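Trainee: Dropping the sequence and predicted coords here.
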Amino acid sequence: MRVWVVSDGRPANENQCLGLAEALGIVPEVVRLGARQGWHRLLDPVRPAAGFGLNGPPWPDLLIAAGRQSVYPALAVKRASGHRTRLVQIFRPGVNPRRFDLIVTPRHDGLKAPNVFATAGALNLVTPARLAAAAAEWEPVLGRLPRPRAAVLIGGSSKSVAVP
C-alpha cells in the first residue's frame, strides 16, 4: 500500500500524521508542501495536484494530512486519482467533512459527522518504548533525585522558538 503524509512543514501537524501512520504500522512517504500565501491561495480549491507540487501517478492509496494548509492539496490528489485515494484529515478541515473518508480531531473541536473520530487530545509520536528509552537516557542525570518524579511534555521547536 502506498501512503503519503502531506505536510505543511509544521512539526506539530507532521508529527500527528506520523504518529497515526506509526500506530497503524505504516511507513509513509512524507511529501512537504511549498508555501502558498496571499492571493495565490484563492486558487487552491481548483488547483490541480501538480500545482501543489504533488506529482503522480502513481497516486497514494492513502493520504494522511493535518491542518488547513493541507486540505485542498489532499482533495486535489483525491480528484487526480479518480477518487481512489482515501483521505484522512487530522483537525477540523474547514470544508464539508463528507469530502474526506475519515477526520481525526480532538473532541474539544466539537466536529460531528459520521466520518469523524474524536480523540481525547492530540495524536503524537510518544510511545511506551520511546518513554522508556528517554528515561534510561536521563537516568544518570536525574537518578539521584527523590521519587516519585513527574515529567511534563512541552512540545518542540516552532518557527519562532527552537527547543534543543
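Mentor: Nice, thanks for sending it over. Remember, it's a predicted structure, so these values are computed and weren't measured experimentally. Residues are numbered from 1 along each chain as shown.
Trainee: tell me, which helix in this protein spans the most residues?
Mentor: Identified as the longest helix of the chain according to DSSP state H is helix 128-142.
Trainee: Show me what that helix is in contact with.
Mentor: Contact with helix 128-142 is made by R149, as judged by Cβ atoms under 8 Å, 6 or more residues apart in numbering. For every residue, glycine as well, the C-beta is placed using N, CA and C.
Trainee: switch to 10 Å and redo it
Mentor: Among residues not part of helix 128-142, those counted as contacts by Cβ atoms under 10 Å, 6 or more residues apart in numbering are N124, V126, T127, G143, R149, A151, L153.
Trainee: Which among these count as buried?
Mentor: N124 (16 or more other Cβ atoms under 10 Å).
Trainee: So which of the contacts of helix 128-142 is the closest to V30?
Mentor: Nearest to V30 out of the contacts of helix 128-142 is N124 (Cβ to Cβ; 16.3 Å).
Trainee: ok so, going back, I'd like the contacts of helix 128-142 as TSV, with secondary structure and pLDDT appended.
Mentor: Shown next, in TSV, are the contacts of helix 128-142 (DSSP: H, G, I helix; E, B strand; the rest coil; pLDDT from 0 to 100):
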residue	secondary structure	pLDDT
N124	coil	89
V126	coil	89
T127	coil	89
G143	coil	90
R149	coil	84
A151	coil	80
L153	coil	77
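Trainee: quick one: stretch 98-105 to chain centroid distance?
Mentor: The gap between where stretch 98-105 is centred and where its chain is centred comes out at 13 Å by Cα atoms, centre = their mean, to the nearest Å.
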